[in-house]
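J.: here are the coordinates; sequence isn't available:
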């Protein structure tokens with residue numbers, strides 16, 4: 001992978017990260033609504049409150065993996 005391919009990979013990683021961060025407020029508001037729903041116990045509320053954290057870690061992980069493969073080269 002040449003220099004242009006590496007730059008494209010880094011740009012793609014940034015685009016993926018921005019896309020995850022753009023969707024995150026919607027996910028947070030949805031989980032707040034779900035956690036506020038009556039009829040669910042505290043354990044379920046705790047699990048629902050972890051959804052934004054898992055989403056953020058997943059988005060950062062995917063963007064990091066794309067950037068890593070762009071720098072290192074996906075064929076190695």
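T.: Okay, I see it. Keep in mind that this is a model prediction, so the values were computed, not measured.
J.: which non-adjacent residue is nearest residue 45?
T.: Nearest non-adjacent residue to residue 45, counting by CB to CB, 6 or more residues apart in numbering: residue 35, 4.8 Å away. (Each C-beta comes from the backbone N, C-alpha and C, glycine too.)
J.: how about residue 14?
T.: Residue 14's closest residue in space is residue 63 (CB to CB, 6+ apart), at 7.3 Å.
J.: any idea how far that neighbour is from residue 38?
T.: 37 Å (CB to CB, to the nearest Å).
J.: who has more neighbours, the two?
T.: Neighbour totals were compared for residue 63 and residue 38, and residue 63 leads with 21 against 4 (other CB atoms under 10 Å).
J.: buried residues of the helix or strand where that one lies, list them for me.
T.: Assessed by DSSP states H and E, residue 63 sits inside helix 51-72. Buried residues in helix 51-72, defined by neighbour count with 16 or more other CB atoms under 10 Å: 52, 55, 59, 63, 66, 67, 69, 70.
J.: mind listing what the last one touches?
T.: The reference is to residue 70. 1, 5, 6, 8, 9, 10, 12, 13 (CB atoms under 8 Å, 6 or more residues apart in numbering).
J.: pLDDT for those residues - can I get that in TSV?
T.: TSV is the format used below for the contacts of residue 70 (pLDDT from 0 to 100):
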residue	pLDDT
1	54
5	81
6	86
8	90
9	88
10	90
12	92
13	92
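J.: just the buried residues out of the residues you listed, in ChimeraX syntax.
T.: Applying 16+ other CB under 10 Å to the contacts of residue 70, the buried members can be selected in ChimeraX as follows:
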select :6,9,13
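J.: out of all of them, which helix in this protein is the longest?
T.: Longest helix of the chain, by residue count under DSSP state H: helix 3-35.
J.: check which residues of that one are buried.
T.: So, applying 16+ other CB under 10 Å, buried residues of helix 3-35: 6, 9, 13, 16, 17, 20, 31, 35.
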